[in-house]
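Enquirer: I would like to see how this sequence folds:
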Amino acid sequence: MRNRFQRVNCIFHFIGNLLKTLGLIILLPLIVVFIYWGQKGDGWNTVITFIISALSSFSFGMILQKAFKPGKTPDGTSCMLMCGLSWVFASAFGALPFVIGIKSNYLNAYFEAMSGFTTTGITVYSGLDDMPRSILFWRALTFSLD
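Expert: Purely as a prediction, here's the structure:
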């Protein structure tokens, strides 16, 4: 029984690290916001979008890291669970820029983020030309983070 809790600690500590890193990566589209300021919706709304998304991911990652201390070296089962749960958690927080920035519903945003992180390549959005360039940059970035 004790071995299972060590496995859970190891897995969620790793996911905490991943979410902290994702929180920093979510800040990258801010460069695009400042380059295209005032064009196609890039401005204060998208700045706030990426800051809230980054803070959410980073904060939740910190909470997981503090709550779950790393145990022993992960075994094969732990590594498989880490991989699957990493996609779930990264997509959950990677969807936030779509939800906040373009007012998408969460299910579509989650699907878009999961499609990007798993490199499936399917999209649920139409009218990509009308989206803010920073949101398009985030969408492209999720497709290249594998």
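Enquirer: Next up, phi/psi of the one residue sitting closest to the centre of the chain, please.
Expert: Computing the C-alpha centroid of the chain and ranking residues by CA atoms, centre = their mean puts residue 94 first, at 2.8 Å. Here is the backbone geometry of residue 94 (degrees, to the nearest 10): phi -70, psi -20.
Enquirer: got the contact list for the residue nearest to it when sequence neighbours are not counted?
Expert: Distances taken as CB to CB, 6 or more residues apart in numbering put residue 113 closest to residue 94, at 3.7 Å, once the chain neighbours are dropped. From N, CA and C alone the C-beta is placed, and that goes for glycine too. Applying CB atoms under 8 Å, 6 or more residues apart in numbering to residue 113 gives the contacts 90, 91, 92, 94, 95, 98, 142.
Enquirer: Show me the shaky parts of the protein.
Expert: Confidence mapping of the chain against pLDDT under 70 gives the ranges 1-4, 145-146.
Enquirer: If we use 80, what do you get?
Expert: 1-6, 41, 71-72, 121, 144-146 (pLDDT under 80).
Enquirer: Strands of that one, residue ranges please.
Expert: With DSSP state E as the criterion, the chain has no strands.
Enquirer: how near is residue 109 to residue 78?
Expert: As judged by CB to CB, to the nearest Å, residue 109 and residue 78 stand 29 Å apart.
Enquirer: higher neighbour count, the two?
Expert: residue 109 (24 against 18; other CB atoms under 10 Å).
Enquirer: if I look at the more buried one, how far off is residue 21?
Expert: Counting by CB to CB - residue 109 and residue 21 are separated by 20 Å.
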